[in-house]
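[1] fold the following.
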Amino acid sequence: MPHRATDGADDAPVDVVPLVQLVTPTGERVTEPDNSGPGSAPVDHAAYAARVAHLTGDDLRAMYRDMVLTRRFDDEATALQRQGELGLYAQSTGQEAAQVGPAHALSPQDVIFPSYREHGMLHVRGVDPVDRLRLYRGTDHGGWDPAAHNVNVYTLVIGSQTLHATGYAMGVQRDGAVGTGDPARDTAVVACFGDGATSQGDVNEALVFAAVNDAPVVFWCQNNQWAISEPTSRQTRVPLYRRGEGFGIPSVRVDGNDVLACYAVMAEAVERAHAGHGPTFVEAFTYRMGAHTTSDDPTRYRERAEEEYWRQRDPVDRLEALLRAEGHWDDAWAATVEADADELGETLRTGVRELGAPAPGTMFDHVYATPHTQVDAEREWFERYESETAQSVGAEEVAR
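    Next comes the predicted model:
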């Protein structure tokens with residue numbers, strides 16, 4: 001259904017545009033959507049609704065569980081950073097539907113290229129929760145084997161992963177892993193990024209390459225409406241999904257707080273990629289309920305009224321309301337979900353503290369894929385410095 005909102009501190013209205021929504025904020029199925037909106041073709045609501053018709057109560061409960069555990073992960077990681085166990089952390093509270101929904105729509109062979117906030121997608125893919133925090137603790141550059149989960153490591157350089165994803169998708173295409181009709185072989189690649197990244201040159205270059213090569217890549221843009229402290233209204237004059245249209249890429253805006261709508265839109269985009277029909281650009285319109293990172297203070301640039309507006313549209317609460325309305329809620333089952341969340345919290349607290357600190361010399365590892373003379377020289381100097389410092393400290397202790 002069309003959506004009208006304000007973007008950030010400017011209180012500037014966003015054009016009414018077709019928005020894919022299957023569940024209302026109060027947990028009711030959308031049956032009579034208003035698909036009017038300027039500038040684009042209306043949303044085919046029936047087609048998207050058909051893509052979730054096969055989902056059972058167990059499927060919905062699985063999504064709910066993943067969303068609850070993703071939020072618990074977020075809360076625990078934030079607490080660990082406040083306690084000095086992590087150097088930094090990027091929160092994802094409020095964006096669970098925009099991550100769990102699309103992740104459930106992927107096939108096992110599909111590959112995800114995340115930014116640094118896709119904690120829900122990594123959870124669905126089975127990436128170890130402690131490994132997800134290695135980067136934020138500074139123990140290594142990633143923490144997991146990308147091939148084991150078909151998930152690349154987190155990317156801190158804004159927008160660069162879209163080029164990586166597009167290049168990988170072009171390789172998949174040239175390897176003949178699209179358009180075969182084999183559901184176990186045809187592969188899609190998902191590039192995840194935020195609204196702020198759309199202002200980066202890398203993202204626009206990726207869109208060019210993907211479009212002209214019909215690369216099987218889904219550009220999944222989570223528009224949480226704030227690029228650190230910059231509202232979307234200061235980044236674009238048109239809805240972000242229309243960026244894709246400018247490159248000739250089929251594009252759609254989805255309610256990013258509606259897990260079923262996100263599932264349906266990703267399912268359609270992946271089907272197109274698998275069939276060899278090229279890329280899709282998706283703008284998942286959501287809201288960052290927390291801070292950009294734990295070094296950010298959103299109270300300096302956001303109004304409480306805006307935060308409360310989106311708190312009433314909480315994606316976890318929305319799915320719970322749907323489960324209750326359709327008779328899929330069970331208190332005993334909900335208690336097991338909470339118990340799983342408590343177990344996850346304990347796993348994170350114990351596991352992160354056991355990581356310890358990396359050896360200082362590891363800073364020179366994995367800088368380049370092959371040996372590099374400058375890095376080798378710097379490593380040699382650092383090792384000599386450490387040795388001489390240790391000898392000096394030892395001599396001082398002996399003198400005492």
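
[2] can you report how many residues lie near Gly181?
    The tally of other residues near Gly181 (other C-beta atoms under 10 Å) stands at 9. Bear in mind the C-beta positions are built from the backbone N, C-alpha and C, glycine included.

[3] and it, which of the three is it?
    coil (DSSP: H, G, I helix; E, B strand; the rest coil).

[4] now the element after the helix or strand bottoming out on mean pLDDT in the chain, going C-ward?
    Considering only helices and strands, the least confidently modelled element of the chain by mean pLDDT, DSSP states H and E is strand 12-13, at a mean of 38. Next in sequence after strand 12-13, counting helices and strands by DSSP states H and E, comes helix 45-50.

[5] right, and the helix or strand after that following helix?
    Helix 45-50 is succeeded, C-terminally, by helix 57-82 (DSSP H and E).

[6] next, the buried residues of that next one.
    For helix 57-82, the neighbour count (16 or more other C-beta atoms under 10 Å) marks 60-61, 63-74, 76-81 as buried.

[7] what's the next helix or strand after it in contact with?
    On the C-terminal side of helix 57-82, the nearest following helix or strand under DSSP H and E is helix 97-104. The list of residues contacting helix 97-104 from outside it, by C-beta atoms under 8 Å, 6 or more residues apart in numbering, reads 59, 62-63, 66-67, 70, 92, 112, 118-121, 123-125, 190, 220, 222, 256-263, 265-266, 284, 286, 315-316, 318-319.

[8] point out where the stretch 1-150 of the chain drops to low pLDDT.
    Of all residues in the stretch 1-150 of the chain, those with pLDDT under 70 make up the ranges 1-17, 34-41.

[9] do that again at 50, thanks
    Under the criterion of pLDDT under 50, the regions of the stretch 1-150 of the chain flagged as low confidence span 1-15.

[10] now Gly244: closest residue in space, sequence neighbours ignored.
    Leaving aside its chain neighbours, Gly244 sits nearest to Phe281 (2.6 Å; criterion: C-beta to C-beta, 6 or more residues apart in numbering).

[11] the one you found belongs to a helix, doesn't it?
    No: membership of Phe281 in a helix is not supported by three-state DSSP, which gives strand.

[12] how about the contacts made by it?
    For Phe281, the residues meeting the contact criterion (C-beta under 8 Å, 6+ apart) are Leu207, Phe219, Cys221, Tyr241, Arg243, Gly244, Glu245, Phe247, Ile249, Pro250, Ser251, Val252.

[13] all helices for the stretch 251-400 of the chain, in order.
    Per DSSP state H, counting those that start in this stretch, the stretch 251-400 of the chain has helices spanning 259-274, 304-311, 315-325, 331-355, 373-399. These are given in chain order.

[14] what comes up buried for the last one?
    Right, helix 373-399. Within helix 373-399, the residues scored as buried using 16+ other C-beta under 10 Å are Arg379.

[15] before we move on, what about stretch 197-217?
    For stretch 197-217, a neighbour-count test (16+ other C-beta under 10 Å) marks 197-200, 202-203, 206-207, 209-211, 213-217 as buried.

[16] among these, which are located in strands?
    The subset of the buried residues of stretch 197-217 located in strands under the criterion DSSP state E comprises Val217.

[17] out of the buried residues of stretch 197-217, who's nearest Gly176?
    Distance ranking of these against Gly176, using C-beta to C-beta, places Pro216 first at 11.5 Å.

[18] return the distance of stretch 377-397 from the chain's centre.
    Distance of stretch 377-397 from its chain centroid, counting by C-alpha atoms, centre = their mean, to the nearest Å, is 42 Å.

[19] contacts for that stretch?
    Residues from elsewhere that reach stretch 377-397, judged by C-beta under 8 Å, 6+ apart: Pro360, Gly361, Phe364.
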